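Undergrad: The following comprises the amino acid sequence and a computationally predicted model.
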Amino acid sequence: MLDQSPFSLPRPPAAESDIAFAGRRLRQALVRCELAPGTYVHEADLAQRFGLGRAAVRVALTELSIAGFVARHARQGWRVAAVDGALASAIVGARTRIEPALAEKPLDERSVALLGSLRGAIDAVIGRDDPSARTMAQQLCRQALDLLAQRTGGFIAVWLRDLWDHTERLTRSLELAGAEAPATDPRPLLDALLHGDREAALLALQEEQKRFTDAVAHGFLATARLLPQNEPVSVRSRRPRRGTNDRKPSHTLSEEKSR
């Protein structure tokens, strides 16, 4: 159970369709910023790069566009969604509205056992400095959240998956820019749910959302300081208009004939 994660690369059994695999792999590439935010990508290039069928890539990109990861532009290809303040604001607002659904249903016995195991595994690796431990902590935290999302069912589970993928993409983008990215810690939420305390769970969600918002704000400020600030370049440069006194005198008809 614990060795499965949304970051795993091996292709699953053949039962998964080519379209489903293409969607999973391209989503992973977007979340990890393998496909850089704000850039244009083309179906043929993606098919060759990731070993996917061209038709499967087209369907997968169409589905990802619905989730807001890419947008199609005529004669230019697919544009990867930018990571900017507008995205961060949308993520914060959506988390505030949707995540409280995680605290609505009490945990059943199976969920208690699974989340209890994940809670212990998270404790063993979170906060450690080595890269492998940080990666494992991220995977375990996401697994715990995904299990909670599955219990909400329907559209809410889909929205939460997309929302948390956008959150991870934002976090990864800040990391690549050299800023300290916000780290997810679902342990207070898990503790509250494992004890059946709905109010404490809602409070844990609010505190995590505030921590995320503050960390993202600091991350964007740090990124602005780290990135070179170039002088703005005008797209169109116009020649300065000449004043009436700067115009060259036109030749008279007699002067033209004498030449």
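TA: Structure's in. What do you need?
Undergrad: for stretch 54-73, which positions count as buried?
TA: For stretch 54-73, a neighbour-count test (16 or more other CB atoms under 10 Å) marks Ala56, Val57, Arg58, Val59, Ala60, Leu61, Glu63, Leu64, Ala67, Phe69, Val70 as buried. For the C-beta atoms, the positions are set from N, CA and C on the backbone; glycine is no exception.
Undergrad: ignore the last one, stretch 203-219
TA: Ala204, Leu205, Glu208, Gln209, Phe212, Thr213, Ala215, Val216, Gly219.
Undergrad: Would you tell me what the next helix or strand after the helix or strand where Ser132 lies is?
TA: Assessed by DSSP states H and E, Ser132 sits inside helix 131-152. Next along the chain after helix 131-152, taking DSSP H and E as the criterion, comes helix 154-176.
Undergrad: could you say what helices and strands the following helix or strand past that following helix packs with?
TA: Per DSSP H and E, the first helix or strand lying C-terminal to helix 154-176 is helix 187-194. Helix 187-194 is packed against helix 109-125, helix 131-152, helix 198-226, with contacts defined by 3 or more CB pairs under 8 Å, 6 or more residues apart in numbering; DSSP states H and E.
Undergrad: Distance from the chain centre to helix 187-194, please.
TA: Here helix 187-194 shows a centroid-to-chain-centroid distance of 25 Å under the convention CA atoms, centre = their mean, to the nearest Å.
Undergrad: Run through who's touching that helix.
TA: Contacts with helix 187-194, where a contact means CB atoms under 8 Å, 6 or more residues apart in numbering, come from 102-103, 107, 112, 115-116, 118-119, 122-123, 126, 144, 148, 198, 200-201, 203-205, 207-208.
Undergrad: Could the C-alpha coordinates of it be exported in PDB?
TA: Provided in PDB are the C-alpha atoms of helix 187-194 (Å, rounded to 0.1, in the frame of the first residue of the first chain):
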ATOM      1  CA  ARG A 187      -1.200  15.100  10.700                       C
ATOM      2  CA  PRO A 188      -3.400  17.500  12.700                       C
ATOM      3  CA  LEU A 189      -6.300  16.800  10.300                       C
ATOM      4  CA  LEU A 190      -5.700  13.000  10.500                       C
ATOM      5  CA  ASP A 191      -5.500  13.100  14.300                       C
ATOM      6  CA  ALA A 192      -8.800  15.000  14.600                       C
ATOM      7  CA  LEU A 193     -10.600  12.600  12.100                       C
ATOM      8  CA  LEU A 194      -9.100   9.500  13.800                       C
END
